[in-house]
Every structure is written in structure tokens, then in C-alpha cells.
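> everything below, folded, please.
(2 chains)
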There are 2 protein chains.
Amino acid sequence: MVQATVTTLGFDADDTLWQNEQFFRQTEERFLELLADFGDRSALSSRLFAVEKRNIPIYGFGIKGFVLSMMETALEISDGRLDPGIIARVLTMGREMLNHPVELLPGVRETLEALADHYPLVLITKGDLFDQERKLTASGLADLFNAVEIVSDKSASTYARVFAARGDGANKGLMVGNSLRSDILPALEAGAYAMHIPHDLTWTYEHIEEPVEHPRLFVEENIQKVFEVIEKINIKSVDLRI
Amino acid sequence: MVQATVTTLGFDADDTLWQNEQFFRQTEERFLELLADFGDRSALSSRLFAVEKRNIPIYGFGIKGFVLSMMETALEISDGRLDPGIIARVLTMGREMLNHPVELLPGVRETLEALADHYPLVLITKGDLFDQERKLTASGLADLFNAVEIVSDKSASTYARVFAARGDGANKGLMVGNSLRSDILPALEAGAYAMHIPHDLTWTYEHIEEPVEHPRLFVEENIQKVFEVIEKINIKSVDLRI
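Reported below is the predicted structural model:
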């Protein structure tokens, strides 16, 4: 008899279960157009990213912090000559983001439904509590999860804690996500298995330059591959007599 | 032998364990001064509150949403004639709020330390995840709590869920807090005991006009009275042979 190696599955939400980064990109595009008088696109975009990054320690992740960072960028680059109408537009853009519909990625619902019969599923997402709850409700997926963990940031200790509380510890957990920085590396560090599903759009902050290789890491094109990944992990464990 | 009636204690954080509303009030004062050209103080204040309240369904509770509501109010009342310097000041005021030191209310540390030896303590607070975590860390109280629940809003179902997950159900739980609307009424509705400690400063949103009377409600001046409240509840249960 082989004891199942993976007993609990963790899923990231933004850009793993549903589109997220595209709404930030669309909003940034509109913001850069609004400010076209004050500099070229790419310089403005870098400036905005620098402000966002600087503000993470006080705002955390999420749309409201992004809106405040857009305002700060606009004020800085316009040097006191900003049309207040632009601030009003930025506020409106933020409200639109906070109301955007939730677009599930292909195969997500079917895959989670099939998995939910066999494993406890845990949603592990960082960002704004209020907005993440809204999206989870709107996604219609809430009932498929045994637990939802909305955290302010994702570190190895986050995964160790969540897989201990919601499963049989990190070494029996598989984390599925699109961000190497937030989903994959810290989950591996905690001792979990990880399935990386790269997304076409990934926020600069989440980029990792070096390629990551790890015996417990699986890189796959889409969420449906999770069944094969679980099978591979279990076969490997038998081979190795872990 | 009498079985303890109260087995788990829930505590609100803002204005129950540490000062909070005073930072909002001070910031609002400065905001109203900045906008003195556009109307009288009390009209502006009412306008700001109306905007805040309107925005709760999209921003939730917390400082970032408050900052965005101040900006929206400033833009509305100035009718396009706003000095961008005012927006910059509002951004700075927001950052200052997000960095404000945590001031514990009198008796909080000693009381929680004494209770922690006898009861599981659960922090139940609503608002911005990131900012509430920062304050909890800065308070030095984190280790006294068995669990921390940062929720987007507080309803009867919140208390039912938390007291079930972290204790022996709501009817064995006592919730301690300063807000009738968020801490007391929904906890009573869930079947818990409640200890109301009114704070001098309470946000208009949290006001309840009618006086509240309830057999499971205790109104006390300070947190140290929690020991007496627990005693009263237990004696009462014996008397009533509940």
C-alpha cells in the first residue's frame, strides 16, 4: 500500500484561477495616456513601478494601494501643475477595477470540481482582504474550497502555517500558482510540492530572473495538468521509497 | 461542579485594545482645515462622511479607503478648482496614519496577560488586513492571542463561525469591544455574551441610536472589568441552572 504523498492542494487566486494582471495593465495604459504630456510612456511606467514598489511596505498589495501610487506618480511628475480632473479620472479608474467582473481562466471550474471530491482545497491569496473576498464570491468557486487564507504576503512561513493548519503539513502539500516569487519559491522552501503555471501577464514585481529548478517543482501549461502532476509525485515517491 | 459558561474570549482591536479613531479624527481635522475655502466645517464633515459611507461597499473599512474618500470629497466640493498640492497633502496624511504608533489603552496588556493563562483569546478585527497586522505586531500583544481573525466586516455569522472554529461555539463565547454596531449587536445575535466598553470617540458609522439592553450584555468602563463580567456570567448560569 502506498500512502498518498500529496494530501492537500493549495491554489493561488489572481492569474491562477482568474484574470487579474490584465486589469492592472489596462488601467496603467489609460493612466499613461492621461499623463502623456509629462513624459514618454516607458519612463512614466518605470516611475510608476518605482512608486508602487516603494509603497508596498506601507500599502501592501492590492488595488487601493495601486490607485494611491498612481496619484503619487502623477503628482510627482507634474510638479504641481496637475489638472485635478486627472486625479478624478484615476479615482474612477480605481473604482472600475474594484468592480471588474471575475473572468475564470480556462478549465478552472471543472478541474477544481473534480479535485474537490478527493482533496481538501485551500485558497491562498495575498492582497486586499475586501477585494479578494469580493472576487471569490463573484467567481462562484467559494464552495469548492475547504479553507480560504487571504494573507498580506506569502513567505515560506505562510505556507508552513497554512499546510499545517489545513492539511498534514507542507511536505504533504502541493501549491499551484502563477508567481514564482509568491507561490512557488516560498512553497518549495517550506517543503511543499509546487506546480507553476506561468501566465502571459506577470507583474514586474513578481518576476524572478533566474530559471528555477527543483525536484519538487513542476512547470505546466494549464491547471488541468494538476492530475498528472499529482500522479507523478506519487509514482516518484514510490520509486524513491520516500 | 459547575461547568464554565464562558470558555473563549473574543476581543475587538481598534479602540478596544488601542487608540484608532483619534487618528482618523485628527486627520479629518487637518483635511477640513485644508478645504476651509470651500465651505463650512460641519457641512464639509458631513459631506466626507456621506462619501465614506457610499464607498464602504467598494473600499471596505480602513485607512486607504478613507484617503480615497477624502480625495473624492475634495474633488467634488472644489468643482475642478482644486490645488494639486491639497491632493499631495492628503496622500501624506494617509501615509502618516499608516505609520502612526500604536497606543495601547490603559490596563490592556496586564488584563490580556492575566486572561491568557486561563482562556483562549481571539482577536476579531475588521478593516485593512495589512494595516491591522502592522498594528498587532507593533502592539506587542500578538503572542497573547491563540488566533487572529481579520475580517472584512462583522456580522452575526462572523461571530458564529469564529467562536465555533476557535472555541466551543458562540454560546460559550464572550465578545469584548467598543462598537455596538460591529462588536456587540452581532455577537449577541450569534448567541454570545458581550461586554461593551464605550470609547469617547466612536465613528459616526458605528453609532447606534437606541439604547441596547440584553440579558447577555454587560456595559463596563474599562477592560479590567472583564474578570467581574466573567464571574457574573458564571454565577448567573448557576442561579438559572442553565
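> where's residue A:188 relative to chain B, distance?
Residue A:188 is 24 Å from chain B, where distance means C-beta to the nearest C-beta, to the nearest Å. Any C-beta I mention is one placed from the backbone N, CA and C, and that applies to glycine too.
> report whether the longest helix anywhere in chain A contacts chain B.
The longest helix of chain A (DSSP state H) is helix A:41-59. Yes: judged by C-beta under 8 Å from any C-beta of the partner chain, helix A:41-59 and chain B are in contact via A:58-59.
> who touches that helix?
A:28, A:31-32, A:35, A:38-39, A:65-66, A:68-70, A:72-73, A:76-77, A:204-205, B:64, B:95, B:98-99, B:130 (C-beta atoms under 8 Å, 6 or more residues apart in numbering or on different chains).
> stretch A:62-78 now?
By C-beta under 8 Å, 6+ apart, the surrounding residues in contact with stretch A:62-78 are A:24, A:27, A:31, A:34-35, A:38-39, A:44, A:47-48, A:51-52, A:55-56, A:59, A:82, A:86-87, A:90-91, A:93-94, A:97-98, A:127-128, A:131, B:59, B:64-65, B:67-68, B:71, B:84, B:87-88, B:91, B:94.
> of those residues, select the buried ones using a ChimeraX command.
Command for ChimeraX that selects the buried part of those, burial taken from 16 or more other C-beta atoms under 10 Å in any protein chain shown:
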select /A:24,27,31,34,35,38,44,47,48,51,52,55,59,82,86,87,90,91,93,94,97,98,127,128,131 /B:59,64,65,67,68,71,84,87,88,91,94
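> which members of the contacts of stretch A:62-78 occur in helices, if any?
Using DSSP H, these in helices are A:24, A:27, A:31, A:34, A:44, A:47-48, A:51-52, A:55-56, A:59, A:86-87, A:90-91, A:93-94, A:97-98, A:131, B:59, B:64-65, B:67-68, B:71, B:84, B:87-88, B:91, B:94.
> nearest residue to residue A:25 in space, ignoring adjacent ones along the chain?
Computed as C-beta to C-beta, 6 or more residues apart in numbering or on different chains, the closest residue to residue A:25 that is not its neighbour in sequence is residue A:201, at 6.1 Å.
> just give the number of residues close to the residue nearest to residue A:111 when sequence neighbours are not counted.
Of all residues not flanking residue A:111 in the chain, residue A:223 sits nearest, at 4.9 Å (C-beta to C-beta, 6+ apart). The local packing count at residue A:223 equals 23, with neighbours defined by other C-beta atoms under 10 Å in any protein chain shown.
> how near is residue A:223 to chain B?
For residue A:223, the distance to chain B - C-beta to the nearest C-beta - is 26 Å.
> kindly report the same for residue A:174.
For residue A:174 relative to chain B (C-beta to the nearest C-beta), the value is 24 Å.
> then residue A:112?
From residue A:112 to chain B the distance is 22 Å (C-beta to the nearest C-beta).
> any stretches of chain A with poor pLDDT?
A:1-4, A:237-242 (pLDDT under 70).
> for chain B, what are the nearby residues on it?
Near chain B, when you scan chain A using C-beta under 8 Å from any C-beta, you find A:58-61, A:64-65, A:67-68, A:71-72, A:75, A:78, A:80-82, A:84-85, A:87-88, A:91, A:94-95, A:98-99, A:128-131, A:133, A:150-152.
> you'd agree residue A:194 is up against residue A:218?
Yes: Residue A:194 is within contact range of residue A:218, at 7.2 Å (criterion: C-beta atoms under 8 Å).
> and the two? which has more neighbours close in?
residue A:194 (27 against 20).
> helix/strand/coil for the more buried one?
Local secondary structure at residue A:194 is given as strand here, using DSSP: H, G, I helix; E, B strand; the rest coil.
> I'd like the distance between it and residue A:179.
11 Å (C-beta to C-beta, to the nearest Å).
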